[in-house]
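Chemist: here's my sequence, what's the structure:
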Amino acid sequence: VKFGWIKGVLVRCMLNIWGVMLFIRLSWIVGQAGIGLSVLVIGMATVVTTITGLSTSAIATNGFVRGGGAYYLISRSLGPEFGGAIGLIFAFANAVAVAMYVVGFAETVVELLKENGTLMVDEMNDIRIIGAITVVILLGISVAGMEWEAKAQIVLLVILIIAIGDFVIGTFIPLDSKKPKGFFGYKAEIFTENFGPDFRHGETFFSVFAIFFPAATGILAGANISGDLADPQSAIPKGTLLAILITTLVYVGIAVSVGSCVVRDATGNVNNTIVTELTNCTTAACKLNYDFSSCQTECHYGLMNNFQVMSMVSGFAPLISAGIFSATLSSALASLVSAPKIFQALCKDNIYPGFQMFAKGYGKNNEPLRGYLLTFLIALGFILIAELNVIAPIISNFFLASYALINFSVFHASLAKSPGWRPAFKYYNMWISLVGAILCCIVMFVINWWAALLTYVIVLGLYIYVTYKKPDVNWGSSTQALTYLNALQHSIRLSGVEDHVKNFRPQCLIMTGAPNARPALLHLVHAFTKNVGLMICGHVHMGPRRQAMKELSTDLAKYQRWLIKNKMKAFYAPVHAEDLRDGGQYLMQAAGLGRMRPNTLVVGFKKNWRQGDMRDVETYINLFHDAFDVQYGVVVIRLKEGLDISHLQGQDSKTPSSPLNLADQRLLDASTQFQKKQGKSNIDVWWLFDDGGLTLLIPYLLTTKKKWKDCKIRVFIGGKINRIDHDRRAMATLLSKFRIDFSDIMVLGDINTKPKKENIAAFEEMIEPFRLHEDDKEQEVADKMKEDEPWRITDNELELYKTKTYRQIRLNELLKEHSSTANIIVMSLPVARKGAVSSALYMAWLEALSKDLPPILLVRGNHQSVLTFY
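Modeler: Numbering: from 1, shown residues only. A predicted model of the protein is given here:
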């Protein structure tokens with residue numbers, strides 16, 4: 001059964017809005033605040049509800065709305081963080097509302113008992129007893145099922161309207177028997193006397209507002225059952241706004257009419273008629289020949305003292321009682337049903353794992369029985385307060401919080417300019433919604449500042465909890481849309497910023513392949529780029545194009561998720577290319593966005609270069625040259641165990657399927673070494689020539705991170721034996737000008753001495769297979785061979801670069817002597833001119849320089865300054 005807009009929304013909203021307050025508190029509010037301010041109270045409440053009504057209409061018409069009402073609206077548009085908080089608060093507010101309506105009902109019953117002199121204990125406890133019995137019966141009805149509830153709605157509304165009519169008719173028939181109780185019919189004197197406020201017992205304008213506000217809160221009744229409407233997109237706006245209009249007019253009408261025919265205080269004593277002229281009596285009652293001046297002490301009638309004024313005024317009192325019963329019980333029942341439903345919707349989304357048990361539904365209608373029980377217990381707890389004027393402000397607070405968030409979510413969605421935000425309902429405005437949200441917050445504060453603070457703290461706490469927990473939901477919320485918009489605007493703004501050496505950041509393009517294949521590389525680079533600079537993991541797919549394209553798209557989502565899950569602040573950039581060099585070029589030229597582009601290429605050391613195809617080595621070395629061509633710095637990272645663990649990926653280090661061989665076990669252990677805290681050890685920097693300062697900046701950035709903060713930087717430089725002290729002092733001055741902390745500076749005077757004989761012999765043996773030996777061959781044969789295998793080492797270049805070769809071997813000896821215990825070594829990368837030095841010789845230099853050492857970073861900046869004195 002799907003409802004139309006009248007039955008589904010208008011009737012429901014009117015029933016929910018006209019509740020207990022209409023009959024048993026409106027007259028008291030007029031007494032306290034006077035007619036003028038009462039109309040203002042009603043007006044203020046209406047402004048808040050109308051703005052919220054417009055916002056609700058906008059959200060409800062933006063796509064399909066399922067069960068869960070306000071919770072569903074907010075969570076699907078603002079995301080789980082706000083949605084979860086509001087779901088809990090809204091469900092709780094509804095549970096407390098049950099208590100409010102039931103107490104209103106019980107108060108009326110007790111009043112009737114009192115008139116007939118049949119009180120059980122005393123007023124308060126009677127309210128508690130009757131309330132408890134009522135709520136148990138209501139629980140039984142709601143659990144039994146809701147089929148007849150909708151049918152009952154129309155009947156209840158008719159009773160309500162008759163009761164209101166009964167009161168209106170009553171105001172025109174002033175009976176003498178009612179005059180002692182303060183009812184005289186429409187009189188100008190009474191109107192003028194009741195127009196201004198007369199606050200007593202510590203009430204203020206806002207405390208009166210707080211007690212009235214729940215009377216305006218039924219506006220979400222239609223949206224709450226959005227799942228059962230035939231056409232929610234047109235029904236919710238029409239029904240809700242019309243209901244607000246009608247109910248407001250009725251409230252104002254009744255406030256004005258009750259204010260102009262009933263005086264504030266009356267004794268109810270027939271003998272108080274005035275026989276003789278009184279000189280000092282100026283109240284309206286005196287002009288109408290009644291003397292209620294004895295009311296200075298204590299009276300039981302009049303607007304101020306009698307909550308049942310409306311039934312006293314009405315033509316036929318039992319009708320008003322029937323109206324109160326129908327209004328309170330229908331609203332109580334509606335709240336008792338909607339609270340568990342909202343709570344169930346919230347638990348189904350599994351935002352708060354602790355509440356999972358309440359998601360279970362029973363029977364064909366999926367009734368949330370556990371939720372009913374919880375709601376029942378909350379309601380019972382509040383019924384025991386037994387004072388309407390205490391319960392009402394609590395609810396006002398929670399409803400205002402929900403309304404504030406509904407308004408805010410419309411503002412937020414419009415602000416995020418998400419293409420998916422296109423409500424069918426056009427008469428909303430983002431700024432009016434924002435004003436509505438702010439109004440709600442202000443009103444919350446004014447009603448009760450500590451309760452408002454408490455609500456804010458609860459919402460914020462729940463928000464932080466959900467943000468931290470990150471539930472696995474994706475609802476396309478406006479929070480996501482705004483994140484995108486912010487990123488976009490900032491990236492564009494950033495493009496207008498000129499580079500400055502003070503703001504230089506290492507932005508690294510790492511050739512990782514699959515990010516999980518080389519964890520050590522990833523973690524080490526992440527250590528100095530996290531929250532400092534950009535980090536892009538480049539992955540070159542080679543091989544047949546169609547196959548590669550398929551892999552590309554699956555990998556993209558898979559590995560970006562993997563990076564986020566492992567808390568890596570990095571991007572994943574796959575490309576398809578013929579070979580590694582092309583892929584590297586594509587990435588260096590196209591990766592990044594605006595100013596967010598890499599400026600440093602990071603590669604692992606090619607460990608197996610002697611076993612593989614030498615053409616691969618050629619490609620690998622050319623990658624460096626390409627990087628220098630596009631003004632990138634280059635960092636080569638070498639671990640003596642190796643980097644690539646992809647062949648061990650299937651087997652975890654804890655339970656290998658077959659025991660790993662020793663080398664693989666070492667490789668696995670080494671691959672996680674940068675995830676641990678580094679302890680008190682050294683970072684050794686060998687700064688052998690000036691490349692702009694990248695070699696110094698990276699170690700400095702490392703020491704700013706938690707895991708590395710106990711490490712000390714030691715700096716090694718080359719120098720002349722006779723000027724060691726001078727060089728050390730100069731370097732110390734330079735470093736202190738750069739504001740880089742170091743623990744020690746070593747000047748190596750013996751850097752240019754000849755290496756040990758056995759090390760030279762080992763080097764020569766290593767390069768033997770790659771030599772051309774052109775001096776022993778015919779000229780043509782040698783030329784042909786050089787053409788086919790350009791990487792071969794000629795005798796000529798070997799002689800030419802002898803000193804450079806010796807230097808690499810010598811440096812390795814020094815590194816082993818001084819830095820064999822360092823946690824990490826950062827050293828300047830030797831570079832060779834393109835085309836002048838063959839790939840095999842260059843690779844041999846790197847091998848000789850970096851073999852058998854702790855993890856080593858060979859760094860070469862692009863000769864742009866990255867450090868500054870200023």
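
Chemist: who's in contact with residue 789?
Modeler: Neighbouring residues of residue 789 by C-beta atoms under 8 Å, 6 or more residues apart in numbering: residue 614. All C-beta spots, glycine's among them, are computed from the backbone N, C-alpha and C.

Chemist: can you check residue 355 too?
Modeler: Residues in contact with residue 355 (C-beta under 8 Å, 6+ apart) are 343, 346-347.

Chemist: buried members of these into ChimeraX, please.
Modeler: Of the contacts of residue 355, the buried ones go into a single ChimeraX selection, burial set by 16 or more other C-beta atoms under 10 Å:
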select :343,346,347
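
Chemist: with distance to residue 449, secondary structure and pLDDT added, can I get the contacts of residue 355 in a markdown table?
Modeler: Listed next are the contacts of residue 355 as a markdown table, based on distance: C-beta to C-beta, whole Å; DSSP: H, G, I helix; E, B strand; the rest coil; pLDDT from 0 to 100:
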| residue | distance to residue 449 | secondary structure | pLDDT |
| --- | --- | --- | --- |
| 343 | 28 | helix | 87 |
| 346 | 28 | helix | 86 |
| 347 | 32 | helix | 86 |
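
Chemist: now, among the contacts of residue 355, which is nearest to residue 54?
Modeler: Set against residue 54, the nearest of the contacts of residue 355 by C-beta to C-beta is residue 346 (25.0 Å).

Chemist: is it true that that closest one touches residue 84?
Modeler: Yes. In this structure residue 346 lies within contact range of residue 84 using C-beta atoms under 8 Å: 6.7 Å.

Chemist: overlap in contacts of the two?
Modeler: Shared contacts of residue 346 and residue 84 (C-beta under 8 Å, 6+ apart): 75, 352.

Chemist: need the pLDDT of residue 1.
Modeler: On the pLDDT scale, residue 1 is placed at 68.

Chemist: adding distance to residue 143, write the contacts of residue 355 out as a markdown table.
Modeler: Shown next, in a markdown table, are those (distance: C-beta to C-beta, whole Å):
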| residue | distance to residue 143 |
| --- | --- |
| 343 | 15 |
| 346 | 20 |
| 347 | 18 |
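
Chemist: between the contacts of residue 355, which sits nearest residue 584?
Modeler: Among the contacts of residue 355, residue 346 lies closest to residue 584 (C-beta to C-beta), at 50.2 Å.

Chemist: so how far is residue 352 from that closest one?
Modeler: Counting by C-beta to C-beta, to the nearest Å, the gap from residue 346 to residue 352 is 8 Å.

Chemist: shared neighbours of these two, anything?
Modeler: Taking C-beta under 8 Å, 6+ apart as the contact rule, residue 346 and residue 352 both touch 84, 88.

Chemist: which strands or helices does the host helix or strand of residue 93 pack on?
Modeler: Residue 93 belongs to helix 80-115 when assigned by DSSP states H and E. Where contact means 3 or more C-beta pairs under 8 Å, 6 or more residues apart in numbering; DSSP states H and E, helix 80-115 is packed against helix 20-24, helix 69-78, helix 123-144, helix 317-348, helix 369-383, helix 388-415, helix 449-469.

Chemist: got those helices as JSON lines, with distance to residue 424 columns?
Modeler: Shown next, in JSON lines, are the helices and strands packed on helix 80-115 (distance: least, C-beta to C-beta, whole Å):
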{"stretch": "helix 20-24", "distance to residue 424": "33"}
{"stretch": "helix 69-78", "distance to residue 424": "15"}
{"stretch": "helix 123-144", "distance to residue 424": "33"}
{"stretch": "helix 317-348", "distance to residue 424": "23"}
{"stretch": "helix 369-383", "distance to residue 424": "32"}
{"stretch": "helix 388-415", "distance to residue 424": "14"}
{"stretch": "helix 449-469", "distance to residue 424": "29"}
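
Chemist: worst mean pLDDT among the ones you listed?
Modeler: The weakest mean pLDDT among these belongs to helix 69-78, with a mean of 77.

Chemist: show me what that one is packed against.
Modeler: Where contact means 3+ C-beta pairs under 8 Å, 6+ apart, helix 69-78 is packed against helix 26-60, helix 80-115, helix 221-224, helix 317-348, helix 388-415, helix 478-495.
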